[in-house]
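Peer 1: Generate coordinates for the sequence data below:
(one chain, ligands or ions: 1)
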Amino acid sequence: MAYANNKFTAEEFSEFLSSRRSTRDFLPTPVPPEIIEKILQDSLTAPSWSNTRPFKVAVASGDIRDRISEEFLSRWSVLSTIMRKGLRNKLRLLYSRYGLPTSNRLIVKPYPSELKPRAQRVGREMYETLGVVRGDRTARDQQWAKNYSFFGAPVELFVYVHKSLHIYAASDAGLMMQNLTLSAHAHGLGTCAQGAVAIWDDVVRKEFDVPDGYRLLCGIAVGYPSDSSINDFKAHRLEVEELTVKPRNA
Ligand SMILES: Cc1cc2nc3c(=O)[nH]c(=O)nc-3n(C[C@H](O)[C@H](O)[C@H](O)COP(=O)(O)O)c2cc1C
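Peer 2: Model prediction:
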């Protein structure tokens, strides 16, 4: 059934889509629970594999959010220091294991050569916006650490996917997350998806009763954006030409 749209033009819709950008500095202003409920409802209008919706969301706010953040920051402080220091410290980390990723170790794997330049570009341009000079690892680590205070957002959503559906579960969760982030955007909220928080699933499970068949995909920080210049950062967009593949016999 075609949607009878007399509310906004297709151009206005495209403009709305392109006006969403990741937020990396939030105000402490609380988000009313009914708005969180609404954006979660909107997330469930996305398409899904056989309508299975193979995902779960843990909504962390208040004391739970603070406890998770505190533990993440403590682990990051150990991990980031040890990643930079000599062999003896690395061995000590291996021995104590505190700070080592407990889930999704793969996210620290290097990017393949086809994708690496894109990741490098967004990193370089974002650090330029922040005034962090190339090679300043301390400043980079400090910026990365902000992931673990959820960039100051009062709400962090942890997205879990059902293990059985593999890539289709992640794809469904991606569609759900896109609806959620756009709904949040329409409510004047900012969001930032965060793979960075997927490495210590045990910390989240200590606070939430997540069923065994699910694994942590990523987090999403939700809150009201501050007027920090980092929130004006515009990540590069691909051309459609780079998206599509050519017919073999063109
Ligand atoms: C699954 C996923 C994980 C992400 N993880 C992080 C993260 O850990 N930290 C971060 O600052 N941004 C993270 N991002 C945000 C991307 O860097 C951002 O979406 C991309 O650079 C495009 O910019 P835009 O969202 O402003 O359009 C993540 C995005 C996605 C979809």
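
Peer 1: and the strand ranked longest in the chain, C-alpha only, in CSV?
Peer 2: For the chain, the longest strand by residue count, based on DSSP state E, is strand 214-223. Listed next in CSV are the C-alpha coordinates belonging to strand 214-223 (Å, rounded to 0.1, in the frame of the first residue of the first chain):
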residue,chain,number,x,y,z
TYR,A,214,22.2,-13.3,22.7
ARG,A,215,25.5,-11.5,22.1
LEU,A,216,26.3,-7.8,22.4
LEU,A,217,26.5,-6.0,19.1
CYS,A,218,27.1,-2.4,20.2
GLY,A,219,25.8,0.5,22.3
ILE,A,220,23.9,3.6,21.4
ALA,A,221,24.4,6.8,23.5
VAL,A,222,21.2,8.9,23.6
GLY,A,223,20.7,12.4,25.0
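
Peer 1: For this structure, which residues are neighbours of the ligand?
Peer 2: 21-22, 24, 122, 147, 192-196, 218, 235 (Cβ under 6 Å from any ligand atom). The way it works is simple: take the backbone N, C-alpha and C, and place the C-beta from them, glycine included.

Peer 1: Of those residues, which belong to strands?
Peer 2: Using DSSP E, the members of those that fall in strands are 192-194, 218.

Peer 1: re earlier: let me know the average pLDDT across the longest strand of the chain.
Peer 2: The pLDDT scores in strand 214-223 average 98.

Peer 1: distance between that strand and the chain's centre?
Peer 2: 6 Å (Cα atoms, centre = their mean, to the nearest Å).

Peer 1: Likewise for stretch 96-114?
Peer 2: With Cα atoms, centre = their mean, you get 16 Å for stretch 96-114.

Peer 1: quick one: terminal-to-terminal distance for it?
Peer 2: 36 Å (Cα to Cα, to the nearest Å).

Peer 1: who does the helix or strand just after the longest strand of the chain touch, helix- and strand-wise?
Peer 2: Remark: after strand 214-223, the chain's next helix or strand is helix 240-243, criterion DSSP states H and E. Using 3 or more Cβ pairs under 8 Å, 6 or more residues apart in numbering; DSSP states H and E as the contact test, no helix or strand touches helix 240-243.

Peer 1: got the buried residues for helix 240-243?
Peer 2: By 16 or more other Cβ atoms under 10 Å, helix 240-243 has no buried positions at all.

Peer 1: how about that helix as CSV, C-alpha atoms only?
Peer 2: C-alpha atoms of helix 240-243 as CSV (Å, rounded to 0.1, in the frame of the first residue of the first chain):
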residue,chain,number,x,y,z
VAL,A,240,26.6,6.6,-5.3
GLU,A,241,29.2,5.5,-7.8
GLU,A,242,31.3,4.0,-5.0
LEU,A,243,28.3,2.1,-3.7
